[in-house]
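# fold the stuff below for me.
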Amino acid sequence: MQAPMLRRLRVDILVVATLAVAVLLTVLGRPARAEGERVIAVPELHAMTPEASDDAIGITAELRRRFQSVPSLRVVDAPKAPTDVPGYPDNVPPFALWRDSHVDIVLIGNTVVLKDGRHRLSVRIWDLAKRVQIVGHVFVYSPQLGYEQEIADVVRNALVEALEKENEPERP
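Numbers count the residues shown, from 1 in each chain. Okay, the predicted model is just below:
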């Protein structure tokens, strides 16, 4: 009778130890925030029409890859923002969604396939603390090889420029 209880106790200790190690690795695995580093949340773009879902997935992935190359920027995954918020995803992000998330910047956007077959992408990047848009672009395009990379490069460059302007000292 005592052997099964000891065996169960060993299993319980092993489970608790495994969970403790997992929590420790999770905490230690998060890099410390470097001086001047900004954290950007990049939730999946919203597909306004079913035909635009491939655009939303592909462009979101490419934006995340491009942003990771910016030295002063840490990209974090973010939950897909709700679509029942007034004005979102076209205009203003639901700021409350990211209020306690330790995120400085958020990208929101949507894709749609227009009636004439062209595709439209609207991307806006917001400074959450200031509640101001720092980048905004609308693209109308016909999908062709490499379009995700081209769009992501334009948005990345605009974000880098906006962050550089933000860090420039004010002139008297």
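
# can you get me a residue count around Lys165?
For Lys165, the neighbour count with other CB atoms under 10 Å is 9. Any C-beta I mention is one placed from the backbone N, CA and C, and that applies to glycine too.

# quick check, it in a helix?
Yes - counting by DSSP: H, G, I helix; E, B strand; the rest coil, Lys165 is located in a helix.

# show me what secondary structure element comes after the lowest-mean-pLDDT helix or strand in the chain.
The helix or strand of the chain with the lowest confidence, counting by mean pLDDT, DSSP states H and E, is helix 2-29 at a mean of 56. Scanning forward in sequence from helix 2-29 by DSSP states H and E, the next helix or strand is strand 38-41.

# what pairs with that following strand, parallel or antiparallel?
Applying DSSP bridges to the sheet, strand 38-41 is found paired with strand 73-76 (parallel), strand 105-113 (parallel).

# format those as JSON lines; extra columns: mean pLDDT.
Shown next, in JSON lines, are the strands paired with strand 38-41 (pLDDT from 0 to 100):
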{"stretch": "strand 73-76", "mean pLDDT": "92"}
{"stretch": "strand 105-113", "mean pLDDT": "91"}
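
# which of those strands sits most buried?
Burial of these is given as mean neighbour count (mean count of other CB atoms under 10 Å); strand 105-113 ranks first at a mean of 23.

# I'd say Asp153 and Leu63 touch.
No - contact criterion CB atoms under 8 Å: Asp153 and Leu63 do not qualify, at 9.9 Å.

# okay, these two: which has more neighbours?
The neighbour comparison of Asp153 against Leu63 (other CB under 10 Å) goes to Leu63, with 25 against 14.

# end to end on stretch 118-138, go ahead and measure it.
Distance between the two ends of stretch 118-138: 13 Å, counting by CA to CA, to the nearest Å.

# list the buried residues of that stretch.
Neighbour-count burial for stretch 118-138 flags 119-128, 134-135 (criterion: 16 or more other CB atoms under 10 Å).

# what's next to that stretch, contact-wise?
40, 45, 52, 55, 59, 63, 90-93, 95, 98-99, 103-114, 139-143, 151, 154-155, 158-159, 162-163, 166 (CB atoms under 8 Å, 6 or more residues apart in numbering).
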